[in-house]
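1. no sequence on this one, just coordinates:
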């Protein structure tokens with residue numbers, strides 16, 4: 001099974017072909033993490049780029065997310081379990097108005113593979129849902145996904161709520177999504193922006209070494 005062909009099948013939304021290739025990779029004893037990262041997630045990353053370039057739209061984005069979920073379900077039992085103490089606790093989800101999990105789903109999986117304890121709060125989440133969950137699980141980081149420009153203000157809202165509650169310093173807040181960037185993050189006072197899942201892990205690693213107040 002060729003991993004590059006798998007990535008292409010995911011990109012072209014060829015469900016049957018992609019799923020069959022993932023199953024074949026397991027049968028052939030291939031490294032499940034490499035299949036996930038270099039095949040499935042690489043294809044999904046390219047879907048995100050096509051969406052950003054307006055070559056794909058929300059329908060294709062949703063189809064891609066569904067396909068990746070199916071592939072992940074097959075690979076999950078074969079993925080390595082992170083050893084040693086957990087590196088940190090992250091609460092993650094899509095802000096209010098964002099109705100898909102394509103962005104944060106990738107980040108969640110990569111963080112889990114890296115040894116983080118991740119709590120997903122879902123899609124279209126009111127700002128207080130992130131904060132309540134962060135308090136419940138004693139999170140280190142709150143991850144906000146905003147793929148649509150119209151939903152970015154809800155990231156700002158989470159940060160403002162934390163300030164109003166006097167708990168802003170307790171959590172690191174990071175954002176991601178096709179309409180986000182470093183300037184947007186800085187303007188709202190977020191602790192960082194990550195353009196993709198691998199960069200999100202690096203960002204969390206950087207933030208987590210700083211002691212919580």
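-> Cool, the structure landed. Treat the numbers as computed from the prediction; the structure is a model and nothing was measured.
2. domain parsing for the protein?
-> The record's domain split for the chain, according to automatic domain parsing, is 3-78, 89-208.
3. could you give the mean pLDDT of the shortest one?
-> When the per-residue pLDDT values of domain 3-78 are averaged, the result is 92.
4. thought residue 151 was touching residue 97?
-> Yes. Residue 151 sits in contact with residue 97 when judged by C-beta atoms under 8 Å, with a separation of 4.1 Å. From N, CA and C alone the C-beta is placed, and that goes for glycine too.
5. list the contacts of the longest strand anywhere in the chain.
-> Taking DSSP state E as the assignment, the strand of the chain that covers the most residues is strand 117-125. By C-beta atoms under 8 Å, 6 or more residues apart in numbering, the residues outside strand 117-125 that reach it are 86, 88-101, 104, 108, 111-112, 129-130, 133, 137, 139.
6. not counting sequence-adjacent ones, nearest residue to residue 140?
-> Nearest residue to residue 140 in three dimensions, chain neighbours excluded: residue 88, at 4.3 Å (C-beta to C-beta, 6 or more residues apart in numbering).
7. local confidence estimate at that neighbour?
-> 95.
8. which phi and psi does it have?
-> When read as degrees, to the nearest 10, the backbone of residue 88 gives phi 170, psi 170.
9. tell me which of the domains of the chain sits most buried.
-> For those, average neighbour numbers computed from mean count of other C-beta atoms under 10 Å are highest in domain 89-208, which has a mean of 19.
10. quick one: it to chain centroid distance?
-> 9 Å (C-alpha atoms, centre = their mean, to the nearest Å).
11. I figured residue 158 was touching residue 143, is that so?
-> No. With contacts counted by C-beta under 8 Å, residue 158 stays clear of residue 143, the gap being 10.5 Å.
12. contacts only, for the spatially closest residue to residue 51 that is not a sequence neighbour.
-> The shortest distance from residue 51 to any residue other than its chain neighbours is 5.1 Å, reached at residue 61 (C-beta to C-beta, 6+ apart). Taking C-beta under 8 Å, 6+ apart as the criterion, residue 61 is in contact with 47, 48, 51, 100, 102, 147.
13. just to revisit the earlier point, now the residue nearest to residue 140: how far from residue 201?
-> Using C-beta to C-beta, to the nearest Å, one gets 11 Å for the distance from residue 88 to residue 201.
14. equivalent analysis for residue 136, please.
-> If you measure residue 136 against residue 201 using C-beta to C-beta, the figure is 23 Å.
15. also residue 102?
-> Note on residue 102: its distance to residue 201, by C-beta to C-beta, is 17 Å.
16. and what of residue 132?
-> With distances taken as C-beta to C-beta, residue 132 is found 25 Å from residue 201.
17. could you do residue 177 as well?
-> Using C-beta to C-beta, which is the criterion applied here, residue 177 is 17 Å from residue 201.
18. ditto for residue 23
-> The span separating residue 23 from residue 201 equals 27 Å under the rule C-beta to C-beta.
19. what's the biggest helix in the protein, counting residues?
-> Looking only at the chain and at elements set by DSSP state H, the helix with the highest residue count is helix 58-75.
20. tell me the first helix or strand C-terminal of that helix.
-> Using DSSP states H and E, the helix or strand that directly follows helix 58-75 along the chain is strand 89-95.
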